[in-house]
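*Asks:* Give me the fold of what follows.
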Amino acid sequence: LVPLTETADNLSGGGAANPGFAIGGSAFLDTWFDLYRSEAPNGSITVAAGDSVGATPPISSFFGDVPTIEIMNLMGFSADGLGNHNFDKGEQYLRNTLIPLADFPYLSSNIVDPQGDTPAEWSPSTVFDFDGTKIGLVGFSNEDIPELIFPGGLGPFHVAPRVPAVQAEVDRLRATGVNTIVVMGHDRATAGTLTAPTGPVVGLADALTGVDAVIGDH
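*Replies:* Sure, this is the predicted structure:
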């Protein structure tokens, strides 16, 4: 919500002082969002892939992360995912307090109830229409969520294996005529290089078919 301060670590010795920089802040980021949106005359989407709430700085956590949802609305977010920190205050707080505030959908195809169904508060996917061109956005969540949150935080829900859940939703969208599919979710590339990354989200991308791009965030 407000800039953080980071100190560079490239100087040492001889009385040299490392400079400090302001990093981020919603007002700063929003100007960049506006710039990039202006370069997309046919429209754009702005997304996050989970963990936008939970483990947050005091200015948000003191108010139960309500300010984060409100500022995401003002910044024009199109969708968000569900990561482990979304459940820091439990699934009921997420479902009854935070998600109803959002002007955008939450997406996860593999957090489901005991019957394998998605609850009403989030969806497996959403579809955007750009001048008649439909783009499907399929969400997923990291399978180790139960290991990263307090016991009981998921309530009656569980995290199903992501590959079959995502692939089923991709196939469903394509069967309805959606020809461009982006998969977005909460997992990471933990090793490798910038041009040849490795890790869970790369493994997911390799296992899927019929997908044009994968966005990871953890």
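*Asks:* any idea what the residue nearest the centre of the chain is structurally, helix, strand or coil?
*Replies:* Central residue of the chain (Cα atoms, centre = their mean): Ala49, 1.0 Å from the mean position. Following DSSP: H, G, I helix; E, B strand; the rest coil, we place Ala49 in the coil state.
*Asks:* burial of Ile79, as a residue count?
*Replies:* To be clear, residue 79 is Ala; Ile isn't right here. By the measure other Cβ atoms under 10 Å, the count of residues near Ala79 is 21. Glycine gets a C-beta too; all of them are placed from N, C-alpha and C.
*Asks:* Which residues belonging to stretch 176-184 are considered buried?
*Replies:* Residues 178, 180-184 are the ones in stretch 176-184 that count as buried (16 or more other Cβ atoms under 10 Å).
*Asks:* residue ranges of the helices in the protein, please?
*Replies:* In chain order, the chain shows helices spanning 26-38, 58-61, 66-74, 91-93, 145-148, 162-175, 200-207, with DSSP state H as the criterion.
*Asks:* Below-threshold pLDDT in this structure: ranges please.
*Replies:* 11-16 (pLDDT under 70).
*Asks:* so what's Leu154 up against?
*Replies:* Residues touching Leu154, when contacts are defined by Cβ atoms under 8 Å, 6 or more residues apart in numbering, comprise 87, 91, 111, 145-146.
*Asks:* Just the closest of those to Val170, please.
*Replies:* Ile111 (17.0 Å; Cβ to Cβ).
*Asks:* The closest one and Leu82, how far apart?
*Replies:* 6 Å (Cβ to Cβ, to the nearest Å).
*Asks:* what does Gly20 give?
*Replies:* Using Cβ to Cβ, we find Gly20 at a distance of 34 Å from Leu82.
*Asks:* what's the answer for Pro41, then?
*Replies:* According to Cβ to Cβ, Pro41 and Leu82 sit 32 Å apart.
*Asks:* Those two: who's more crowded?
*Replies:* For Pro41 versus Leu82, the count of surrounding residues by other Cβ under 10 Å is larger for Leu82: 29 against 7.
*Asks:* show me what contacts Arg162?
*Replies:* Arg162 makes contacts with 109-110, 140-143, 185, 187, 204, as judged by Cβ under 8 Å, 6+ apart.
*Asks:* can you pick the most crowded of those?
*Replies:* Looking at the contacts of Arg162 with neighbours defined as other Cβ under 10 Å, the largest count falls to Phe140 at 34 neighbours.
*Asks:* quick one: which two of the contacts of Leu154 are the most distant?
*Replies:* Taking Cβ to Cβ as the measure, the contacts of Leu154 reach their widest spread between Glu91 and Pro146, a distance of 11.8 Å.
*Asks:* ok, these two, which is more surrounded?
*Replies:* Counting neighbours by other Cβ under 10 Å for Glu91 and for Pro146 shows that Glu91 has the greater number, 20 against 14.
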